[in-house]
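Undergrad: Turn this into a structure:
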Amino acid sequence: MNKSHLNLREYLKHKHNEITWRERIQFTDNIIYALSRIHKEGSIHKNLHSGNILFNLTSQLFYISDFGFRGPADRPSNSIYGNLPYLAPEIIAGKEVTFASDIYSIGILMWEISSGKPPFIYHEDDHFLAINIINGIRPKIESGIPLEYKKLMMQCWDADPRRRPNLGELINKIFEMRKHCRNISNDSNSNKKNKSMIKKFIRKLKVFQPKTNNILEISETSNLDETNYKLFTSKVYAFENFSEPRNGTEEEQEELHNQPYNFSISNNVDDDILNMMQSSSIFKGSKKKLSKVPQINSNKDFQVDYYRRKTIQQTKNVDIEDEHEIYNDPNLHSEDQDELEIPWIV
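TA: Reported below is the predicted structural model:
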């Protein structure tokens, strides 16, 4: 890769803790504008992901690469090619690829920009992840995200392509968010005045806070380069007999994201996983009965990759040294940075 460029995934990995919400919205705007130029030519990208969104270190703008590459020439006619965590559910289900399929990928990219992490980092099995995406499971939304940004992101990743916003709507809504940021900054003649405005907005506007329970997740994102990044590679997939894509319910999202998955399984791993999947509401609604799962090693202390999470019971005082905890640290930015933040978040 050219030394003057850095892809979005690497940029967020190194710079996430320094980026303000004002900048995140600017990044999103850059990517949407770049995609609009592709769509205006009557073309569909079909494989947008953070690995082919490039940041130009000179212009300080993001660009889209890998346009026009459709995978190996000898791939099966009934297969799909792409980066699975970012593929729209209709593509996975073997349906027609449309402009709206790119909009779905924009929604996943918006989540990645907001969290600083790749989507579905604990899903190391392609088949399980594909089932989840078809059944409406999406990445867990972080706390502190601006409500308008969250709303737009969720519209983009709707399971029904017809309900996703078009690029014109995306551009207009992101423009309004950017204008709001500029107004807050330009109308402030001093730090004190700016802080006062922000406090007033915070009192008036609600902030999205996801439901919490007694489970505290500990992310092992430091190990992603060695394990989970194998999922974030574009490749050929051949899925069959998936049900119609749908949106997952709030309960299903909570069930997947909040249950403790660190447990041992008996030697008969296939049966254990099959029973667990068929009894879970996450997998209900599939037209095809799950009678077979991918081969998995059956060691006594085996930990299923799909459920690879470490959890601990939350206590009043938890002291964990984890460099990634600062993602949600309210004291992350300096006061100067906070003064330029969007006033719709705490």
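Undergrad: And the strands in the stretch 1-150 of the chain?
TA: For the stretch 1-150 of the chain, the strands defined by DSSP state E, counting those that start in this stretch cover 5-7, 53-56, 61-64, 80-82.
Undergrad: Summarise which helices and strands the last one is packed against.
TA: In this structure, strand 80-82 packs against helix 89-92, strand 235-237, with contacts taken as 3 or more Cβ pairs under 8 Å, 6 or more residues apart in numbering; DSSP states H and E. No exception for glycine: its C-beta is placed from N, CA and C like everyone else's.
Undergrad: Quick check: neighbours of it in the sheet, parallel or antiparallel?
TA: Using DSSP bridges, strand 80-82 pairs in its sheet with strand 235-237 (antiparallel).
Undergrad: got the buried residues for the helix or strand just after the partner strand?
TA: Moving toward the C-terminus from strand 235-237, the next helix or strand (DSSP states H and E) is helix 250-258. Buried residues in helix 250-258, counted by 16 or more other Cβ atoms under 10 Å: 252-253, 256-258.
Undergrad: and which of those residues is nearest to Leu152?
TA: Among those, Gln253 lies closest to Leu152 (Cβ to Cβ), at 18.1 Å.
Undergrad: Can you give me the pLDDT of that closest one?
TA: Looking at Gln253, its pLDDT stands at 84.
Undergrad: likewise Lys13?
TA: 93.
Undergrad: so what's the residue lying closest to it once chain neighbours are set aside up against?
TA: Nearest residue to Lys13, sequence neighbours excluded (Cβ to Cβ, 6 or more residues apart in numbering): Gly116, at 7.6 Å. Counting by Cβ atoms under 8 Å, 6 or more residues apart in numbering, Gly116 makes contact with 12-13, 16-17, 19, 327.
Undergrad: and Gly116, how far is that from Leu48?
TA: Using Cβ to Cβ, to the nearest Å, we find Gly116 at a distance of 18 Å from Leu48.
Undergrad: Name the residues that touch stretch 159-177?
TA: For stretch 159-177, contacts defined as Cβ under 8 Å, 6+ apart pick out 25, 28-29, 32-33, 35-36, 39, 88-90, 98-101, 103-104, 106-107, 136, 146, 148-149, 152, 155-158, 245-247, 342.
Undergrad: try it again with 6 Å
TA: Contact with stretch 159-177 is made by 25, 28-29, 32, 36, 39, 89-90, 98, 100, 103, 136, 152, 155-156, 158, 245-247, as judged by Cβ atoms under 6 Å, 6 or more residues apart in numbering.
Undergrad: got it, and stretch 99-109?
TA: Stretch 99-109 is touched from outside by 39, 44-45, 48, 86, 88, 91, 119, 153, 156-157, 161, 164, with contacts defined as Cβ under 6 Å, 6+ apart.
Undergrad: In contact with Ser36: list those residues for me.
TA: Ser36 touches Leu167, counting by Cβ under 6 Å, 6+ apart.
Undergrad: Would you quantify the distance from it to Leu167?
TA: According to Cβ to Cβ, Ser36 stands 5 Å off from Leu167.
Undergrad: Over to His14?
TA: Using Cβ to Cβ, His14 is found at 29 Å from Leu167.
Undergrad: Which one's more surrounded, those two?
TA: Taking neighbours as other Cβ atoms under 10 Å, His14 and Leu167 compare with Leu167 leading, 20 against 10.
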